[in-house]
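1. here is my input, please return the structure:
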Amino acid sequence: MNRDYSKYIARPGYQIPAGYDQSRFPKQAATADVVILAFFERKLRVLLIRRKRMPFQDYWAIPGGFVEMDEDLPDAARRELFEETGLRKLKLIEFGAFGHPRRDPRGRTITVAYLALVRNEKVKPRAGDDAAAVGWFPAHKPPELAFDHELVLKSALLKLKELAVLTPSLFELLPQIFSEQDLAQLCAEVFGNKLNPASLYRTLLKAGAIRPKCKSGHVLVRKKFRPGLFLQSLGTATNYRL
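-> As a prediction, the model looks like this:
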């Protein structure tokens, strides 16, 4: 998305109204959080940081932090992600906003959440800034999380299901050359028992969305992927609920 706001700002209407008093309105802070998911050792895993300071000191949390006054939201997410985990240049997908008035004991804080899908062997996270430690945890059974990050993670997992049905994003979690078993195990982690992995495998092969690469490996044929392929193994769009 083009983030150049110059054409919106350079207009006659872009001005502070006469008599406008900013102090009359409540002040609130904005944060950006990034849920990073990977699939390895047969489990879908989430990258968490252990908080160095209060609030929720020593709790595990989703990486993120406050948006600075001169930052756009995605820029803040990337900066905080790099400061706390050392990771950069990840594709970020915005999936939700969380703004309960009591979600942060320091005051009213609204967070915008992003999702990043990575291959574990391609990233080497390290703790920095407000993070005392960093680690991978089972996405469906994480430790007790700071703030309302349990809700943020659950929303991220729902977004992953949506992406898996509508786009080839799920394959970003698999090795470039993957086995039928790899695909089946990942689908079980994402969809539980609602998906028939054998049926999906046959459907993807028949459509040409995956093709054999070696004796036991396959690769994605991105241009052949279409949303209906996963739905055929999940039930119809009308009776399947994410």
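2. end to end, how far does stretch 4-20 reach?
-> Criterion CA to CA, to the nearest Å; first-to-last residue distance in stretch 4-20 is 26 Å.
3. any buried residues in it, and which?
-> Neighbour-count burial for stretch 4-20, counted by 16 or more other CB atoms under 10 Å, picks out no residue. C-beta coordinates here come from the backbone N, C-alpha and C atoms, glycine included.
4. off-centre distance for it?
-> Put simply, stretch 4-20 sits 33 Å off its chain's centre (CA atoms, centre = their mean, to the nearest Å).
5. which residues touch Arg79?
-> By CB atoms under 8 Å, 6 or more residues apart in numbering, the residues touching Arg79 are Glu71.
6. what helix or strand is it on?
-> helix 73-85 (DSSP states H and E).
7. for the helix or strand that that helix is followed by, packing partners?
-> Next in sequence after helix 73-85, counting helices and strands by DSSP H and E, comes strand 93-98. Helices and strands touching strand 93-98, by 3 or more CB pairs under 8 Å, 6 or more residues apart in numbering; DSSP states H and E, are strand 109-117, helix 149-166.
8. give me the distance between Leu117 and Ala10.
-> Distance, Leu117 to Ala10, using CB to CB, to the nearest Å: 37 Å.
9. now swap in Phe56 and tell me
-> Taking CB to CB, one finds Phe56 at 43 Å from Ala10.
10. now swap in Asp4 and tell me
-> Going from Asp4 to Ala10 by CB to CB gives 11 Å.
11. which non-adjacent residue is nearest the residue nearest in space to the middle of the chain?
-> The geometric centre of the chain, computed from its C-alpha atoms, lies nearest to Leu115 (CA atoms, centre = their mean), at 1.4 Å. Spatial nearest neighbour of Leu115, excluding adjacent residues (CB to CB, 6 or more residues apart in numbering): Ile93 at 4.6 Å.
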